[in-house]
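*Asks:* Take this sequence and fold it.
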Amino acid sequence: MESKRQARKPLDDATNRVNQTPARTEAKKPVRWDKASLEQYLDVVGLKGSARKRVFNYYTGNMPPAPRTSTTGPTLESAGTQPANTTKASTTSNAKAAKAATGASSSRKRKAETSLSLEDEIAAYKRNLDDIVDPDSFDDEIMPNCTTVRGRINKLFDGGIMTKAEFCRATGCNSNSLSNFLKAKGPMGGCNSSVYANGWRWLRQREAAGLKMPDVKKRQLQEAKAAGAGASGSKSSITTAASLPDISGIHLNGEEADSVSVYDTCDEIRKKINAHLKTPGLTQAQFCRDLYAQLNAPTIKSIQSKQLADFRAGKGSRTGAKSTVFYTAYVYFEKLRIAQGKPKSKHRETMEEIWMSRGGFDRDMDHRTYCITSSDKGMYWDQYGLSITYPL
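*Replies:* This is a model prediction of the structure:
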């Protein structure tokens, strides 16, 4: 026991050793800049006026040093300076100077970003980035679920950033695989599709390169406002949500009982919806409210965005014919056509010739309706919603 105590004897003086005063270290003096280099740096960050003068005086030795301030942008401290402690007044002045430098730099960056036209921004987003970011570098990352990827791909198409053909060429997928993946439902629907993996890699490439998906509606709305402000009272050619005509005073036959005769197919209404949703400033939520307003004897509380999405995802002249979205969208676009004074399309005139004697397009039959034919014949719906039989 005695030998163990002697072995631990050096710990008896631990308190004294802990309480020893650490050696003093002299504060580093700030690195001085030569005037030419400093002038060049201040030109780069865009610092001007009194803030430029204060920063210049400080870093050329004409001003007492100040504590180092923490900023998020490009400051002179990041170039290797180490200011020491000083008075409160000098701290405030240099903090303001650093903030001014940061603000000027970020302002220049924002101006540079917004100087690109919408077309150039879209072209930059769509370009091949394989020479910058290797798409195989994301193989070890956890992929988001199919619903998330599907939503981002649909956003590309809805915004007019890419066509489906362009997306297929960019990702190496075929149109059938893309259509099947977009029709799939749920977070795991389409998880085995090549569109899921290739599409996510393509989108992830742009994230890694620091490219954000262009907000087409927002940019178009900004351009419309700018065009309207600079037009000196003349009307802008760009249609926005605020410039859409009021259709509340327009009445259609059969509207009171929600039985307006329809002369458009589901596919045609889908085209109109997709084009209408590109209107700057128009949201899907607002469009759903506009559709619900066309019902005079509603049997539902509202039209949800999911109902709109389900209808838009369909394909076929009768796919979605029983949907409330189909009927209300037809009424809405017919009123909008009348308010804008536009003529009927060729498709609309053909539909009237076919369906006028039948009281309009039959909304009691959709893609889920079973039809009985003879064993030697098959049946399909043509582009006008008519049932066509053919020999097997």
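*Asks:* Low-confidence regions, this structure specifically.
*Replies:* Filtered on pLDDT under 70, the chain yields the residue ranges 1-38, 41-42, 44-51, 54-55, 58-115, 223-239.
*Asks:* Could you chop the chain up by domain?
*Replies:* 35-114, 120-208, 241-358 (automatic domain parsing).
*Asks:* Residue 221: which of these is closest?
*Replies:* Nearest to residue 221 among those is domain 241-358; the distance by Cβ to Cβ comes to 3.6 Å. Glycine gets a C-beta too; all of them are placed from N, C-alpha and C.
*Asks:* Endpoint to endpoint, the closest one covers what distance?
*Replies:* Terminal residues of domain 241-358 lie 36 Å apart, using Cα to Cα, to the nearest Å.
*Asks:* circling back: mind putting the domains of the chain in TSV, distance to residue 392 and mean neighbour count included?
*Replies:* Shown next, in TSV, are these (distance: least, Cβ to Cβ, whole Å; neighbours: other Cβ atoms under 10 Å):
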stretch	distance to residue 392	mean neighbour count
domain 35-114	61	15
domain 120-208	24	16
domain 241-358	21	16
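*Asks:* is it possible to export those to a markdown table including distance to residue 388?
*Replies:* Shown next, in a markdown table, are the domains of the chain (distance: least, Cβ to Cβ, whole Å):
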| stretch | distance to residue 388 |
| --- | --- |
| domain 35-114 | 53 |
| domain 120-208 | 22 |
| domain 241-358 | 11 |
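*Asks:* quick one: which of those domains is nearest residue 376?
*Replies:* Closest among the domains of the chain, using Cβ to Cβ: domain 241-358, at 23.7 Å.
*Asks:* If we ignore the residues flanking it in sequence, what's nearest residue 184?
*Replies:* Leaving aside its sequence neighbours, residue 184 sits nearest to residue 190 (Cβ to Cβ, 6 or more residues apart in numbering; 3.7 Å).
*Asks:* who touches residue 306 in this structure?
*Replies:* By Cβ atoms under 8 Å, 6 or more residues apart in numbering, the contact list for residue 306 is empty.
*Asks:* Please tell me how far it sits from residue 288.
*Replies:* 10 Å (Cβ to Cβ, to the nearest Å).
*Asks:* Likewise for residue 120?
*Replies:* From residue 120 to residue 288 the distance is 33 Å (Cβ to Cβ).
*Asks:* How about the contacts made by residue 247?
*Replies:* So residue 247 contacts 332, 335-336, 338-339 (Cβ under 8 Å, 6+ apart).
*Asks:* of all these, which comes closest to residue 379?
*Replies:* residue 332 (31.7 Å).
*Asks:* Double-check residue 201 against residue 134; I have them as touching.
*Replies:* No. Residue 201 is beyond contact range of residue 134, at 9.8 Å (criterion: Cβ atoms under 8 Å).
*Asks:* picking up where we left off before, closest one of the contacts of residue 247 to residue 377?
*Replies:* For the contacts of residue 247, the nearest to residue 377 is residue 332 (38.3 Å; Cβ to Cβ).
*Asks:* Excluding sequence neighbours, find me the nearest residue to the closest one.
*Replies:* residue 294 (5.4 Å).
*Asks:* so what's the one you found up against?
*Replies:* By Cβ under 8 Å, 6+ apart, the contact list for residue 294 reads 255, 328, 331-332, 335.
*Asks:* just residue 164 next, same as before
*Replies:* 157, 175, 178.
*Asks:* for those residues, which one is nearest residue 347?
*Replies:* Using Cβ to Cβ, the contacts of residue 164 come closest to residue 347 at residue 157, 21.8 Å.
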